[in-house]
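# Compute the structure for the input listed below.
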Amino acid sequence: MAERDRVHGHSRRVLDRGGSDGRRMQVSGLDRLVQRVPGDATPESFAAYVAAVSEDLLDTPAPLSAPEAVAWARRKAQTLGLDPERLAEDLGQGLAQTGSLGPDEAAEYRRNLATLLPGAAGVSSAGPPDPVDLYEALCELGRETVGFLRGAFLDNDRRVVFLGTDAEFLKLSYDVWRGTSDESRVFYLSRLTLLSAAEKRILARTQQELFGPDGVSDSAVDDGRSFAWMDNGLVASQVYLLITAARERAAAGDGVFGELFPRMFREELIHGCGQARRRVEGPLTLFGTPHPHTDAVIRQGMDEGLFAQRCSDVLRRFHAEAGFGTTGTVIVDIGANGTQPCLLLGLLTPRLALPPSVVLFTSGRRVWGPASAAFRSIAVTGRFAMAVETVKTYVTNYRGALEGDPRELAVAPADQQLVAFLKQLAFHRAAVEQR
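The predicted structure is shown next:
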């Protein structure tokens, strides 16, 4: 049995351990959060971890000052096997390893730090950031994140599903701002999810032949977005073509994207006309320099009905892990193209009594046509993107996939988990302030 009381401004869950002496142990949300570590690198464990962290933060109603947050971070360092006396150094190292690292890790660190702490001493020197300054900077990122969520969902009365590893801080911010975790869920879906084993093996092996030594396109850039090896998978590339066609029709005034795309997707799922056209006219390898091995594995996917198979797998997983029955949900993601949320929009629209809708936080460089009840694109800042997309506890396992690791997810190293913990406290403060 459990009940809650309040001690020194913090909510505590009072657990009856059933001891013969009748004593009860009080465990606060912060105490639980300090001891909480991620589980297995699976989509289910990721969703469970984020849900548990949300509950921990909801049980911590009072926002923390910077000195308080730093003191809790020292305790978290101990849990992670790090030296609390080296807190600044470990936070600096964790920050240096977030985002998509290029060949110069020090340069990546300076770019991240300059975005977080413009004008700070750590930007121009090799020294680590001051933990207090870093916490305050993360609070600013949290305020920007919660501000965009407030703008998008102030009058929302539908349940929300956040996608991918970016869901970690979107869900935490949303739940604490709303004061409940009951109205949102996390669903892990990435471009790796959509690949067959053969595609993953061949596309990873040929990535440099398609894209050069960095493995990322420098010529096939669409409205500021570069493409990488996993974008060439049959499902992701076909959804990209459908999204592009629907956007162009919406921009031309032929309808709204949120209605056009589900119809076009449904036709492709049933008849496969777009895939048939690619088979005859090309291209099979959509991004980078065409390669016979990648062409062959994409053609193999078409022969084996991979598009329909993967769609069926995703739909089954969604209903099991994140579905709210027949209730229409709002599917939320951040990105340039919206592959994953649009895929779910196409799959769920004909199957729910109340169709779903999509909110896509994006750069604003792409034209989606008029907004509708089914689809809204919301232009966000680069700081919002950094706030959501970096410093996370779980990451998509793109690097491991290149080395043959079959897991879609990976748990971040301890120093990055430490930064993520400080960020959790900062975003909690920002969300409580904006209730």
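
# Leaving out chain neighbours, which residue sits closest to residue 345?
In space, and not counting its chain neighbours, residue 345 is closest to residue 358: 5.1 Å by C-beta to C-beta, 6 or more residues apart in numbering. Placement of C-beta: from N, CA and C, glycine included.

# Can you list the strands that the helix or strand hosting that neighbour pairs with?
Element membership of residue 358, judged by DSSP states H and E, is strand 357-362. Here strand 357-362 is paired, per DSSP bridges, with strand 330-334 (parallel), strand 375-379 (parallel).

# Can you say which of the ones you listed is packed in most?
Mean neighbour count (mean count of other C-beta atoms under 10 Å) peaks for strand 330-334 among the strands paired with strand 357-362, with a mean of 25.

# tally of neighbours for the closest residue in space to residue 160 that isn't next to it in sequence?
Excluding the flanking residues, the one nearest residue 160 by C-beta to C-beta, 6+ apart is residue 184, at 4.4 Å. Counted with other C-beta atoms under 10 Å, the neighbours of residue 184 add up to 25.

# Look at the residue nearest to residue 345 and report its pLDDT.
pLDDT for residue 358: 97.

# cool, the one 5 residues further on as well?
What the model reports as pLDDT for residue 363 is 81.

# wait, it sits on residue 334?
No: contact criterion C-beta atoms under 8 Å: residue 363 and residue 334 do not qualify, at 9.5 Å.

# Tell me the residues that contact both of these two, please.
Shared contacts of residue 363 and residue 334, defined by C-beta atoms under 8 Å, 6 or more residues apart in numbering, are found at 380, 385.

# Flag the shaky bits of this structure, pLDDT-wise.
1-27, 97-113, 116-126, 215-225, 325-326, 365 (pLDDT under 70).

# For it, which segments count as strands?
Using DSSP state E, the strands of the chain run over 2-7, 10-15, 25-28, 160-163, 184-187, 330-334, 357-362, 375-379, 394-396, 409-411.

# Just checking: what are the partner strands of the last one?
With DSSP bridges as the criterion, the sheet partners recorded for strand 409-411 are strand 394-396 (antiparallel).

# And the strand it pairs with, how far out from the chain middle?
8 Å (C-alpha atoms, centre = their mean, to the nearest Å).

# Which residues does it contact?
Residues from elsewhere that reach strand 394-396, judged by C-beta under 8 Å, 6+ apart: 38, 41, 46, 49, 164-165, 168, 190, 192, 408-412.

# let's go with 10 Å and repeat that
The set of residues external to strand 394-396 that reach it, using C-beta atoms under 10 Å, 6 or more residues apart in numbering, is 38-39, 41-43, 45-47, 49-50, 98, 164-168, 188, 190-193, 230, 407-413, 416-417, 420.

# where do the helices sit along the stretch 151-300 of the chain?
Using DSSP state H, counting those that start in this stretch, the helices of the stretch 151-300 of the chain run over residues 167-178, 197-205, 207-211, 234-251, 257-271, 273-281, 292-303.

# Next up, the contacts around the closest residue to residue 297 other than its chain neighbours.
Leaving aside its sequence neighbours, residue 297 sits nearest to residue 202 (C-beta to C-beta, 6+ apart; 4.3 Å). The contact partners of residue 202, by C-beta under 10 Å, 6+ apart, come to 195, 196, 229, 232, 291, 293, 294, 295, 296, 297, 298, 300.

# ok, the fifth one to residue 306 distance?
When you say that, I think you mean residue 291. In this structure, residue 291 and residue 306 are 18 Å apart, going by C-beta to C-beta, to the nearest Å.

# Give me the more crowded residue out of the two.
When residue 291 and residue 306 are compared for neighbours, residue 306 comes out ahead with 23 against 19, by other C-beta under 10 Å.

# quick one, what contacts the more buried one?
Contact analysis of residue 306 by C-beta under 10 Å, 6+ apart lists 194-196, 198-199, 233-235, 238, 275, 297-298, 300.

# let's see it at 7 Å
Contact analysis of residue 306 by C-beta atoms under 7 Å, 6 or more residues apart in numbering lists 196, 234, 235.

# do residue 210 as well
Residue 210 neighbours (C-beta under 7 Å, 6+ apart): 229, 285, 288, 289, 291, 294.

# At the geometric centre of this structure, which residue do we find?
residue 166 (1.7 Å; C-alpha atoms, centre = their mean).

# which of the contacts of residue 202 has the most neighbours?
Most neighbours among those, by other C-beta under 10 Å: residue 232, with 31 neighbours.

# That one touches residue 203, doesn't it?
Yes: judged on C-beta atoms under 7 Å, residue 232 makes contact with residue 203 at a distance of 5.6 Å.

# The residue nearest to residue 345: neighbouring residues, count only.
Neighbours of residue 358 under the rule other C-beta under 10 Å: 25.

# Against residue 340, how distant is it?
Taken as C-beta to C-beta, the span from residue 358 to residue 340 is 10 Å.

# With residue 45 instead?
Counting by C-beta to C-beta, the gap from residue 45 to residue 340 is 19 Å.

# Would you mind telling me which of those two has the busier surroundings?
Each of residue 45 and residue 340 has its neighbours counted (other C-beta under 10 Å); residue 340 has more, 25 against 16.

# Identify the residue spatially nearest to the more buried one, adjacent ones excluded.
Closest to residue 340 by C-beta to C-beta, 6+ apart is residue 189, at 4.7 Å.

# one step back: what sits against the residue nearest to residue 345?
When contacts are counted by C-beta under 7 Å, 6+ apart, residue 358 touches 331, 341, 342, 345, 374, 375.

# cool, and residue 84?
The contact partners of residue 84, by C-beta under 7 Å, 6+ apart, come to 74, 77, 78.

# Quick one: buried ones out of those residues?
Buried residues within those, counting neighbours by 16 or more other C-beta atoms under 10 Å: 74, 77.

# Between the contacts of residue 84, which sits nearest residue 281?
Checking the contacts of residue 84 against residue 281 by C-beta to C-beta gives residue 77 as the nearest, at 57.3 Å.
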